[in-house]
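Asker: How does the following fold in three dimensions:
(one chain, ligands or ions: 3)
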Amino acid sequence: VDDFTAPFAARAVVWAGPGKGLSIEDVVLDPPGPGEVAVRMLASGVCHSDLHILDDDWELPSPLVMGHEGAGVVVAVGSGVGRHPQDPRVGDHVVLAWTAPCGRCARCAGGDGHLCATPVGGDHRTSPDQVRVRRAAGTPLGIHCGIGTMATYQVVAAEAAVRVDPRLPATQASLVGCAITTGVGAALWTARVEAGDEVVVIGLGGVGLSAVMGAALAGASRVIGVDREQSKLDLALQVGATHGVLATDDALTTAAVRELCDDGPDHVIEAIGLPSTIELATRLVRPGGTTTLVGLTRTGATAALDTYRFVFSGSRIVASNYGSAVPSTAFPRLVRHAIEGQLPIDAIVSQEIALDDVEAAFDAMRRREGARQVIVF
Ligand code: APR
Ligand code: ZN
Ligand code: ZN
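Answerer: Numbers count the residues shown, from 1 in each chain. Ligands and ions are numbered 1, 2, ... in the order given. Here you go, the predicted model:
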């Protein structure tokens, strides 16, 4: 494609709806409108959140263009984009943010951009006035989180396209859009792990392995990875964990962790999103320590707390949404860390795949194989 002033063609992964699965389709995108940019996608990760959508755990609207973890190059900008120095320009390498603070509300002004009251993106562009993508036959398509990265091209809000150093290969940069920011941010910016802390990370997929990297970056003295798969423990050791614990049953996991840190760890980071592992996390942490919840459950799920014991523990439970990060500053910083060799993102890219092979990537995720599969366009 070289004309972005008229509707243009792309190929995209589309979720047809509950029980209807995925299809790879020819779609038509509108040119970027005011405040929008067109991006040629270079890479898109396959995240467990995408699997939640396919399993209808979140009851999202359909049909929907999938993907929320991607990197690409800006190929056109709509009117008004370019007024601010930080605006993306044609040729810039960008990482897409699945939600971005507005920069204007009271929380943004108060320095809490991660708690923005009126964020950009996050919704799926399903109302008629928001439609930007259609099936070849004309049916309007929603766009996951307004960025739908599993497509050869996408049109997104300028705020969602964050300029980064192009020296980091797009395969790795794409993961900064979700797993890396979510996991590293959970350790650094939500949990605020400090040098010398003992940290347990439960669940070592793309998100949990990123939390391991974050804890190591913060200078944790012990980083203990917990997972059901030995292969994930091996990966964790490669990206900065000091120990691995194979999760069989909760009593054995607890005993193994206690063996490594008598009083319990200062931090437990849960990166799966199951009520059972969330409950385990709150029981593992030391008195006065912090449990950080990262993994997303299905909607409506609840977890139990031993309230009597919890009050006496004096510990804290905090929620980490997108690593408590502000993408416009966090993405360039994380990309720089990766270029400088402080974040081994390449170690969690288990396979590069073609758009047409995305179904196989979900099958592998269901089998708990590999860390991150990345679609390369
Ligand atoms: N005990 C221990 N480990 C488990 C268990 C369990 N009961 N169940 C699953 N795991 C491990 C898997 O072996 C896998 O290594 O959890 C890991 C999950 O990894 P992925 O499926 O790759 O998930 P990821 O993309 O990292 O996302 C994790 O964060 O953003 C959310 O929606 C996302 O809820 C998901 C979570
Ligand atoms: Zn994700
Ligand atoms: Zn705001």
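Asker: Surely Val162 and His93 touch.
Answerer: No: at 9.8 Å, Val162 does not count as touching His93 under the criterion of CB atoms under 8 Å. All C-beta atoms are positioned from the backbone trio N, CA, C, and that covers glycine.
Asker: Between the two, tell me which one has more neighbours.
Answerer: More crowded of Val162 and His93, by other CB atoms under 10 Å: Val162, with 26 against 22.
Asker: Next secondary structure after whichever strand or helix holds that one?
Answerer: Using DSSP states H and E, the element containing Val162 is strand 161-163. Toward the C-terminus, strand 161-163 is succeeded by helix 170-176 as the next helix or strand (DSSP H and E).
Asker: who touches that next one?
Answerer: 42-45, 69-72, 93, 95, 149, 164, 206, 210, 331, 334-335, 338, 345-346, 348-349, 352, 372, 374, 376 (CB atoms under 8 Å, 6 or more residues apart in numbering).
Asker: close to ligand 1, is it?
Answerer: No: under the criterion of CB under 6 Å from any ligand atom, ligand 1 is not reached by helix 170-176; the shortest gap measures 10.1 Å.
Asker: Just the ones of the contacts of helix 170-176 in helices?
Answerer: Counted as lying in helices by DSSP state H, out of those, are 206, 210, 331, 334-335, 338.
Asker: need those in a markdown table with distance to Val28, pLDDT and neighbour count, can you?
Answerer: Converted to a markdown table, those look like this (distance: CB to CB, whole Å; pLDDT from 0 to 100; neighbours: other CB atoms under 10 Å):
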| residue | distance to Val28 | pLDDT | neighbour count |
| --- | --- | --- | --- |
| Gly206 | 31 | 98 | 28 |
| Ser210 | 35 | 98 | 34 |
| Phe331 | 29 | 98 | 26 |
| Leu334 | 34 | 98 | 31 |
| Val335 | 32 | 98 | 26 |
| Ala338 | 35 | 98 | 25 |
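Asker: Among those, which one sits closest to ligand 1?
Answerer: Ligand 1 has its nearest neighbour among the ones in helices among the contacts of helix 170-176 in Gly206, at 4.3 Å by CB to the nearest ligand atom.
Asker: right, and the closest one touches Gln373 too?
Answerer: No: in this structure Gly206 lies outside contact range of Gln373 using CB under 8 Å: 9.3 Å.
Asker: shared neighbours of those two, anything?
Answerer: Common neighbours of Gly206 and Gln373 (CB under 8 Å, 6+ apart) are Gly45.
Asker: could you pull out the strands for the stretch 251-377 of the chain?
Answerer: 267-270, 290-293, 316-319, 349-353, 372-376 (DSSP state E, counting those that start in this stretch).
Asker: out of those strands, nearest to Ala6?
Answerer: strand 372-376 (26.6 Å; CB to CB).
Asker: pull the longest strand from the chain.
Answerer: Longest strand in the chain, counting residues (DSSP state E): strand 36-46.
Asker: Now render the ones in helices among the contacts of helix 170-176 as TSV, adding distance to Phe312.
Answerer: TSV is the format used below for the ones in helices among the contacts of helix 170-176 (distance: CB to CB, whole Å):
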residue	distance to Phe312
Gly206	36
Ser210	33
Phe331	41
Leu334	38
Val335	43
Ala338	42
